[in-house]
Each structure stands twice: as structure tokens, then as C-alpha cells.
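**Q** got a predicted structure plus its sequence, pasted below:
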Amino acid sequence: MIQCDGLVKIYKTANLEVVALQGLDLHVADGELMAIIGNSGSGKSTLLNMLGGLDKPSAGKLLVNGKDLLTFGERDLVKYKRDTVGFVWQSNARNLIPYLTALENVELPILLRGKRRRLRAMELLEAVGLGHRMKNKLSELSGGEQQRVAIAIALANEPRLLLADEPTGSLDTKTSDQVLNLFRTLNRTMGITIVIVTHDPLLARKVDRVVQIRDGKTSAEMIRRVSYAEELAQMDAERAHNDPETHMEFAVIDKAGRLQIPAGYLDADGFKGSNKVRVEMEEGRIILYPPEERKTG
Ligand SMILES: Nc1ncnc2c1ncn2[C@@H]1O[C@H](COP(=O)(O)OP(=O)(O)OP(=O)(O)O)[C@@H](O)[C@H]1O
């Protein structure tokens, strides 16, 4: 669904250039549910904006659903945004109108597309579990319910790709959980590819793959070890502890063979403060030793 190779984004301001993405590689399969994590300023929102056609990359390759976004003109972009992608943002205010009901809020974008709007809006609200709250004004709904209305709107154009920027950022843990479960249901039942940008470690644990961005590049990748169904069974027990064992961590190797060591590993004794590691091949494994460590045996 998504193929980014060597993606670069440079923001130019009056006398400053900010390199927000510096050769980012990312491939997302059709029907995947994945999260992108990274520190503030690492380039997550920049990437999401490129994927959503809201901004153009400066260089590199970006294919979404087989279409090359770098070659797009204005009209192609409008069509792409209308037909292929849906967005969910952290702040509901960006999506919703408080004095209209949930139903009216969902009808609005469909109205613009001139479809059987009432029926479709009702179907969408049912799909996000809000069939019973359709007639309520937005201001009468909880944060989680408002976010579900926003998701219903994002689904109005039947997107193949749903992009969510901190969708649970302003919600408590229980409500975030519900929103995430909804993403998972939509992913499973409708086959929509979903990319979520998040700081929320709980959310990141519930998707199939987590990609970490550091300094505008992908630096590490965690892939789910156990099935989600198995994990649900243990979820209650685990909730109290932030169990890191659910995903296996992978470091990403770029085309030039460069490897970024996952955060924290180089704080270990012997590695800390050094800019070198000793690399050896042993029985089919590549092993990194602290530069000073002597081999025993
Ligand atoms: N429109 C812009 N003009 C200039 N610089 C920008 C612009 N948008 C983002 N940047 C810069 O690009 C870098 C990446 O920003 P981005 O918003 O993608 O990071 P982020 O990982 O989403 O951060 P956060 O988690 O805080 O939202 C930052 O250094 C930021 O200051």
C-alpha cells in the first residue's frame, strides 16, 4: 500500500532549512495496522502529511496504492485525498462542528459528495458503535464518542488508507482502548490499511508493527510476536505492567548497510561514550562487542 524510499522533506523558512525527513524508507503492506513512534520533532507528522498528500516531499520515492505522489499535480492530489485517504486527528475541533448532532456531522462530508447521505451517515455511525447517540449534539458526547464520530467521518469516502495523528492523545486510557479496538475492527472487517502516529506506548503495543523514527529516518521496528487474540486473553494481567515482551525488536538496515542500534542499547557498560563497536561474525550471527572487551576462550 505504501512504499517510501529515501524520502526527504526539507522545510525552507526565511533563512533556515529544516531537514524533517532525511532519506526515510518505509513499506506498509495492504491491510496492515501499524504505528509510527518517535520523539517530538523526529518527523512523524511530516511523514503523515506526505502520505496524506497534504504536503509534497522534496525528494525520494513515495508510492501509495500504486500511485506516485511526487508526480501529482493539484488535481491529482485533490482526487487522491477524496478517494484514497481518510484522516483522524488528535483534536476533535479540527473535524467536528459542536452545535450539530453526530448524524449531521457525518452527513456533512457525504453531502458534499452528493450521495444518499442520511442512510450512509447512519451506517457509518453504526460501524463505529454510535448508533444510539446519533441524535445527540457533539457537545453532549464524551471525548471518546467525539473521536468515534471523527473516525466515522474519515470513513465517509471509503478510504483504502486511514491516517491517524495522535488519535488517542486527548483521551484517558479506557477510552483510548475503545478507540484502538475500533481501529482494529475496521482494519479486520473492512481491510483498511491504518497508520497511526502516536506517543502512547499502550496503543503501540496493540498494533501488529511499530516503526520508530529518529531524526527523520526509520531506526527500529517491532513486530508482534503473539497473535492479538492470545494477547487479549492476558491483557488484564498485563495492564498493570508495561510488558515489553509483546513485540520483537528489529533494527533497520538501510541500503548502504548502515544500522541504527535501538535506543538505550548503547548505554550498556563498555559501549557508553564510545563511537566504535567491534564487529564479528560468529556462527551465522553478527555480534557487536564493546571496543575494549577481550574475547575469552
Ligand atoms: N512547516 C514547517 N516549517 C518548518 N519546519 C517544520 C515545519 N513542520 C515541521 N517542521 C520541523 O520539522 C521537524 C519534524 O517535525 P514533525 O512535526 O514532523 O515532528 P513530529 O515527530 O511529528 O513531532 P511531534 O511529536 O512533536 O508532533 C521539526 O524539527 C519541526 O520543527
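**A** Nice, I can see it. Worth saying up front: this structure is predicted, and the values here are computed from it rather than measured.

**Q** and the top helix by length along the chain, what does it pack onto?
**A** Looking across the chain with DSSP state H, the single longest helix is helix 173-190. Under the contact definition 3 or more CB pairs under 8 Å, 6 or more residues apart in numbering; DSSP states H and E, helix 173-190 sits against strand 33-37, helix 143-154, strand 161-165, strand 193-197, helix 201-205. Every residue, glycine included, has its C-beta placed from N, CA and C.

**Q** tell me which residues of it are tucked away?
**A** 175-177, 179-180, 182-184, 186-187 (16 or more other CB atoms under 10 Å).

**Q** which one among these gets closest to the ligand?
**A** Nearest to the ligand, judged by CB to the nearest ligand atom, of those is residue 176 at 16.7 Å.

**Q** what is the burial count for the residue lying closest to the closest one once chain neighbours are set aside?
**A** Counting by CB to CB, 6 or more residues apart in numbering, residue 176 lies nearest to residue 168, which is 3.5 Å off, once chain neighbours are set aside. Neighbours of residue 168 under the rule other CB atoms under 10 Å: 26.

**Q** from residue 76, how far out is residue 168?
**A** 32 Å (CB to CB, to the nearest Å).

**Q** hmm, back to that, contacts only, for the residue nearest to residue 176.
**A** Residues in contact with residue 168 (CB atoms under 8 Å, 6 or more residues apart in numbering) are 147, 175-176, 179-180, 198, 200, 203.

**Q** that one sits in which helix or strand?
**A** Under the criterion DSSP states H and E, no helix or strand holds residue 168.

**Q** ok, it to the ligand distance?
**A** Using CB to the nearest ligand atom, to the nearest Å, residue 168 is found at 14 Å from the ligand.

**Q** got phi/psi on that residue?
**A** Dihedral angles of residue 168 (phi, psi; degrees, to the nearest 10) stand at phi -110, psi 10.

**Q** residue boundaries of the strands in the protein?
**A** With DSSP state E, the ranges of strands along the chain come out as 2-13, 16-28, 33-37, 59-64, 67-68, 85-88, 161-165, 193-197, 209-214, 217-224, 247-251, 278-282, 285-289.

**Q** excluding its backbone neighbours, what's nearest residue 59?
**A** residue 8 (4.2 Å).

**Q** for the buried residues of helix 173-190, which one is nearest residue 47?
**A** The shortest approach to residue 47 among these belongs to residue 183, at 18.3 Å (CB to CB).

**Q** wait, what's in contact with the closest residue to the closest one other than its chain neighbours?
**A** Closest residue to residue 183 apart from its sequence neighbours, by CB to CB, 6+ apart: residue 194 at 5.5 Å. Applying CB under 8 Å, 6+ apart to residue 194 gives the contacts 32-34, 161-162, 164, 183, 186-187.

**Q** which residues touch the residue lying closest to residue 197 once chain neighbours are set aside?
**A** Taking CB to CB, 6+ apart as the measure, residue 197 lies nearest to residue 44, with 4.5 Å between them; neighbours along the chain are not counted. Residues in contact with residue 44 (CB under 8 Å, 6+ apart) are 36-38, 165, 197, 213.

**Q** which among the residues you listed are in contact with the ligand?
**A** When contact is defined as CB under 6 Å from any ligand atom, those meet the ligand at residue 38.
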